[in-house]
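Q: From the sequence below, what's the structure:
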Amino acid sequence: MSELTREQGEQKAVTQDERELLDQLSNPEVQESLTTLVKELPKLTELVTILSASYDTVQSFATDEVLKEDTAGFLSEIVEPVKTSVKDVAATAIEAKDQAEKSNEVIGLFGLLKMLKDPQAQKLFRFVNAYLKVSAERNHK
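A: Just a heads-up that it's a prediction; the model follows:
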């Protein structure tokens with residue numbers, strides 16, 4: 001007897017679910033949305049096909065150990081020289097700062113004139129001059 005009651009309860013639940021579904025389908029907004037969806041199915045199919053192909057390609061790249069190793073090697077070849085240059089610049093700047101802090105030397109007018117003749121100073125001045133010219137040209141555009 002209890003089994004019969006349970007089956008009747010399940011049928012009522014299914015019937016109630018079906019009624020809710022029919023109520024939703026009778027809603028004009030839902031009908032309009034379904035109509036639009038049906039009209040756009042060819043586009044959606046094409047989009048899903050493209051996404052599937054893209055996914056397969058990305059998946060093959062992600063699982064290709066040789067490609068991963070080659071990419072890591074390539075990136076390290078690019079990053080390593082930059083990393084070395086940055087370390088060199090930082091070390092030079094720290095050393096120069098330490099030397100400047102230790103020095104009590106007074107640099108006068110003749111000291112400045114002597115420094116202006118220094119090849120490194122000349123290189124710096126040429127760079128600053130070129131940078132300012134390029135910056136001015138870009139600001140006038």
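Q: which SS class is residue 138?
A: When the structure is reduced to helix, strand and coil (DSSP: H, G, I helix; E, B strand; the rest coil), residue 138 reads as helix.
Q: quick one: it and residue 131, what's the gap?
A: Taking C-beta to C-beta, to the nearest Å as the criterion, residue 138 is separated from residue 131 by 11 Å. (C-beta placed from N, C-alpha, C; glycine too.)
Q: chain center to the longest helix belonging to the chain: distance?
A: For the chain, the helix reaching the highest residue count under DSSP state H is reported as helix 65-102. Taking C-alpha atoms, centre = their mean, to the nearest Å, one finds the center of helix 65-102 at 22 Å from the center of the full chain.
Q: quick one: which helix or strand includes residue 45?
A: Assignment of secondary structure by DSSP states H and E places residue 45 within helix 41-63.
Q: With only the CA atoms kept, save that helix in CSV.
A: Listed in CSV are the C-alpha atoms of helix 41-63, where the atom choice follows Å, rounded to 0.1, in the frame of the first residue of the first chain:
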residue,chain,number,x,y,z
LEU,A,41,20.9,28.3,-33.7
PRO,A,42,23.0,28.2,-36.9
LYS,A,43,25.2,31.0,-35.5
LEU,A,44,25.4,29.3,-32.1
THR,A,45,26.4,26.0,-33.8
GLU,A,46,29.1,27.8,-35.7
LEU,A,47,30.3,29.5,-32.6
VAL,A,48,30.4,26.3,-30.6
THR,A,49,32.3,24.6,-33.4
ILE,A,50,34.9,27.4,-33.5
LEU,A,51,35.2,27.4,-29.7
SER,A,52,35.6,23.6,-29.7
ALA,A,53,38.4,23.8,-32.3
SER,A,54,40.1,26.6,-30.3
TYR,A,55,39.7,24.5,-27.1
ASP,A,56,41.3,21.5,-28.8
THR,A,57,44.2,23.6,-30.0
VAL,A,58,44.8,25.2,-26.6
GLN,A,59,44.5,21.8,-25.0
SER,A,60,47.1,20.3,-27.3
PHE,A,61,49.5,23.3,-26.6
ALA,A,62,48.9,22.9,-22.9
THR,A,63,49.7,19.2,-22.9
